[in-house]
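Asks: Structure for the following, please:
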Amino acid sequence: MLTSRAPGQDTPNASRRNQTAILTLGAIGVVYGDIGTSPLYAYREALTQAAGGGISQAEIFGVLSLALWTLILVVTVKYISFLMRADNHGEGGVLSLMALAQRATQGKWAIVTLLGAIGAALFYGDAILTPALSVLSAVEGLKSVPAVAPYLSHELILTLAIGLLVGLFAIQSSGTAAVAVWFGPICAIWFVAIGTVGLINTLSTPEIFSAINPAYGIEFLLTHGKVGLLVMGAVFLTVTGAEALTADMGHFGRFPIQLGWYLLVFPALTLNYFGQGAFALNQFEVAASQGQSLQASDWFFLMTPEWFRLAMVGLATLATIIASQAVITGAFSLTQQAISLGLLPRLTIRQTSASQSGQIYLPAINWLLALGVLILILSFQTSSKMAAAYGIAVTGTMVVTTLLAFVVVWKLWRWSVFTSIIVVGPLLALDLFFFGANILRVIEGGWVPLAVGLLIAGLIGIWVRGRAFLAVQATRETVKIVDLVPNLAKSATPIAQGTAVFLTADPENAPPALLHNLKHNQVLHNENILLTVRTSTQPHVPPAERLSMERLNDRFLRATLCYGYMESPDVPTDLHRDGRIPIHPKGISFFVSRNSLAPSAEVGLPLWQAIIYSFLHRNAADPTAFFQIPPDRVVELGSRVRV
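Replies: Below is the predicted model:
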């Protein structure tokens, strides 16, 4: 029997194809924004490192070969084919891998948390470098436009770049959902444009296609010694942003990201690098015919036809702004995850979209990033000087990611140690090789992301140690809840109407706020809920599985709310979502223990760490705001604690 379909009605397969196409287009705009702007400076910087007394033909072929094979090995083989399979219920990124590894090792390996902290810390170094380098590179392209170049000065270029970036950071508080729909189409046009320009130049010099032979790259490394390693540090700029492939899996899914790479991004990048090599080869032949040596130039813009060059600068500026937006959003998301996993103190988090939970804004992170970006631009002045600082943060993050992946495939996937080493070992060796090549550029500016990473890692370490010390102290100074509840049942403590919710990190012991309430107010509520809010190693927890509870007696209930590390807690809503805990007609009061810390050289942390921890603790966002508890329902009780 045949069935008819109404005009315009999509079949399930057509609907899935449309959804995949939309997600793929979105991934092209968000996931590939950073790596998509690498052609602006990567090949230029690599040839600049190779050019001693002038660029030779062998260096043009050798550097191009290294760039192409870096794209193939790092992005296609490592990320697209392997690491994207190591997802945490669809989520990726260094902290998702850390959560997976923690689950695999049952949280007993401190090295896993350490690696996650290092990876997160290095990301912030990357987050201030990407906007500064990419936007400045695009604006510098104006110097290649003959009609505009005479009116440009170095100061004007810096002013334009700074103005664009300040504007970008200023709009973060109002959210970017309204303009985000344009990211995919704009970046798709960008990739088509750079691929087309590259193809036009390649067809004029088809012999450049032979650079795909890895022998050119190997010969270059064997004949250039230390210079070869410096070039490899610059070649790595071709894959900066590759870490975003896994970090944004939760938003777009694995298949759309892979589809975008194979269908558009990889062909466009490859053709553009071939085009830059072909243009450089033509320039080499012209220089050789005039008896001159070839010096490094801004190949990307110079190979673009003059009639299209100004439009290309405008398109490049849009693409770099989108890439910068993706990194800023990534920093917000990573910070939220780090807070949920206990690596950073709570910060103010604002939702900027009523329909998309991932649209968040963190004022402190936003303006710290903006400050870092401005300092970088004013310090380095040009994108070429800044490029030396870029690779270290990314290669360091990639080393951490690969090490965590090794733990996952060994402990969680149950691969043998031998198989794990055979598969992951070559990838780690590749990362370490690139990291070593970039370390050689520390003096040129590579110290900047290392310093930022070291600072953030230090703050994470102090915060984790401080929290652990306070947890131990709280355990020593409290009583078991199973001992307290029967004693209270026998006592003549006055009963207050309503429900009291005592937030506690340790459900086995009596919450400090409960003990303070009994000691100072000498009253017990009619219904008492001992509530623990936990963060799962999974990114999301189904609402039906979020609340678990245990009745201790007719007055006491022990409850746990569990959230994924990608979720924002909403304690009042989730506590009463399924009706198992009814809302008391006399109302609910939330009791929170909020201690005042006093740094001390005699107990706990070293004094300098205690001072920093106290500062972080004092300036952390109100936990009740983080849990979305109405402030008029909160009672804070605490004492002075030495750390």
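
Asks: Look up the closest residue to residue 571, ignoring the ones flanking it.
Replies: Counting by C-beta to C-beta, 6 or more residues apart in numbering, residue 571 lies nearest to residue 627, which is 4.2 Å off, once chain neighbours are set aside. C-beta here means a position set from N, CA and C on the backbone, and glycine is covered the same way.

Asks: pLDDT score for the one you found?
Replies: Here the pLDDT value assigned to residue 627 is 83.

Asks: tell me which residues of whichever strand or helix holds residue 197 are tucked away?
Replies: Using DSSP states H and E, residue 197 sits within helix 183-204. Within helix 183-204, the residues that count as buried by 16 or more other C-beta atoms under 10 Å are 183-184, 186-188, 190-191, 193-202.

Asks: which residues of the stretch 351-500 of the chain score low on pLDDT?
Replies: 351-359, 474, 477 (pLDDT under 70).

Asks: pull the longest helix from this protein.
Replies: Counting by DSSP state H, the longest helix found in the chain is helix 306-340.

Asks: Could you list the residues in contact with stretch 367-387?
Replies: Applying C-beta atoms under 8 Å, 6 or more residues apart in numbering, the contact partners of stretch 367-387 are 40-41, 44-45, 48, 124, 127-129, 131-133, 136-137, 140, 154, 158, 161-162, 165-166, 169, 234, 237, 328, 331, 389, 444-445, 448, 452.

Asks: Which of those fall in helices?
Replies: Those of the contacts of stretch 367-387 lying in helices (DSSP H): 44-45, 48, 124, 127-129, 131-133, 136-137, 140, 154, 158, 161-162, 165-166, 169, 234, 328, 331, 389, 448, 452.

Asks: Type out the PyMOL command that picks the buried ones from those.
Replies: In PyMOL syntax, the buried subset of the ones in helices among the contacts of stretch 367-387 is picked out as below (16+ other C-beta under 10 Å):
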select buried, resi 44+45+48+124+127+128+129+131+132+133+136+137+140+158+161+162+165+169+234+328+331+389+448+452
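
Asks: What distance do you get for residue 143 to residue 504?
Replies: For residue 143, the distance to residue 504 (C-beta to C-beta, to the nearest Å) stands at 61 Å.

Asks: Between those two, tell me which one has more neighbours.
Replies: Per other C-beta atoms under 10 Å, whichever of residue 143 and residue 504 has more neighbours is residue 504, with 23 against 15.

Asks: was I right about the more buried one contacting residue 533?
Replies: No. Between residue 504 and residue 533 there is no contact under C-beta atoms under 8 Å: 9.2 Å.

Asks: Show me whatever sits in contact with both of these two.
Replies: By C-beta under 8 Å, 6+ apart, no residue touches both residue 504 and residue 533.

Asks: On the three-state scheme, the residue of the chain most remote from its centre is what?
Replies: No residue in the chain sits farther from the centre than residue 492, which is 54.7 Å out by C-alpha atoms, centre = their mean. Of the three states, residue 492 takes coil under DSSP: H, G, I helix; E, B strand; the rest coil.

Asks: Same check on the one 10 residues further on?
Replies: Look at residue 502: counting by three-state DSSP, its state is strand.

Asks: for the helix or strand where residue 95 lies, packing partners?
Replies: In this structure, residue 95 sits in helix 94-104 according to DSSP H and E. Where contact means 3 or more C-beta pairs under 8 Å, 6 or more residues apart in numbering; DSSP states H and E, helix 94-104 is packed against helix 110-140, helix 244-247, helix 306-340, helix 383-407.

Asks: Lowest average pLDDT across those helices?
Replies: helix 244-247 (a mean of 72).

Asks: now what about that helix, what contacts it?
Replies: Under the criterion C-beta under 8 Å, 6+ apart, residues 30-35, 75, 79-80, 83-84, 86-87, 92-94, 96-97, 257, 261, 326, 330, 333-334, 401 lie in contact with helix 244-247.

Asks: How about stretch 67-75?
Replies: Contacts for stretch 67-75 (C-beta under 8 Å, 6+ apart): 35, 42-43, 46, 211-212, 214, 217, 235-236, 238-239, 242, 245, 261, 266, 269-270, 273-274, 398, 430, 434.

Asks: redo that, cut-off 7 Å
Replies: 42-43, 46, 211-212, 214, 217, 235-236, 238-239, 242, 269-270, 273, 430 (C-beta atoms under 7 Å, 6 or more residues apart in numbering).

Asks: now stretch 463-470
Replies: 342-345, 604-605, 609, 613, 616, 641, 643.

Asks: picking up where we left off before, between the helices and strands packed on helix 94-104, which one is nearest to residue 526?
Replies: helix 306-340 (32.9 Å; C-beta to C-beta).

Asks: quick check: angle from that closest one to helix 183-204?
Replies: 130 degrees (axes from the mean of the first three to the mean of the last three C-alpha atoms, to 10 degrees).

Asks: Report the distance from helix 306-340 to the chain centre.
Replies: Helix 306-340 sits 13 Å away from the centroid of its parent chain (C-alpha atoms, centre = their mean, to the nearest Å).

Asks: buried set for it?
Replies: Quick answer for helix 306-340 (16+ other C-beta under 10 Å): 309-310, 312-313, 315-340.

Asks: show me where the stretch 451-600 of the chain has strands.
Replies: 495-503, 524-535, 547-551, 556-563, 588-593, 596-598 (DSSP state E, counting those that start in this stretch).

Asks: ok, back up a step: would you list the helices and strands packed on helix 94-104 in a markdown table and tack on distance to residue 528?
Replies: As requested, these are exported to a markdown table (distance: least, C-beta to C-beta, whole Å):
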| stretch | distance to residue 528 |
| --- | --- |
| helix 110-140 | 34 |
| helix 244-247 | 42 |
| helix 306-340 | 27 |
| helix 383-407 | 41 |
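
Asks: per the record, what domains does this protein have?
Replies: 24-464, 477-642 (automatic domain parsing).

Asks: Quickly compare the ones you listed and say which is most buried.
Replies: By mean neighbour count, with neighbours taken as mean count of other C-beta atoms under 10 Å, domain 24-464 ranks first of the domains of the chain at a mean of 20.

Asks: Tell me the helices and strands packed up against the helix or strand where residue 282 lies.
Replies: Per DSSP H and E: residue 282 is located in helix 266-289. When contacts are defined as 3 or more C-beta pairs under 7 Å, 6 or more residues apart in numbering; DSSP states H and E, helix 266-289 packs onto helix 42-50, helix 57-70, helix 183-204, helix 299-302.
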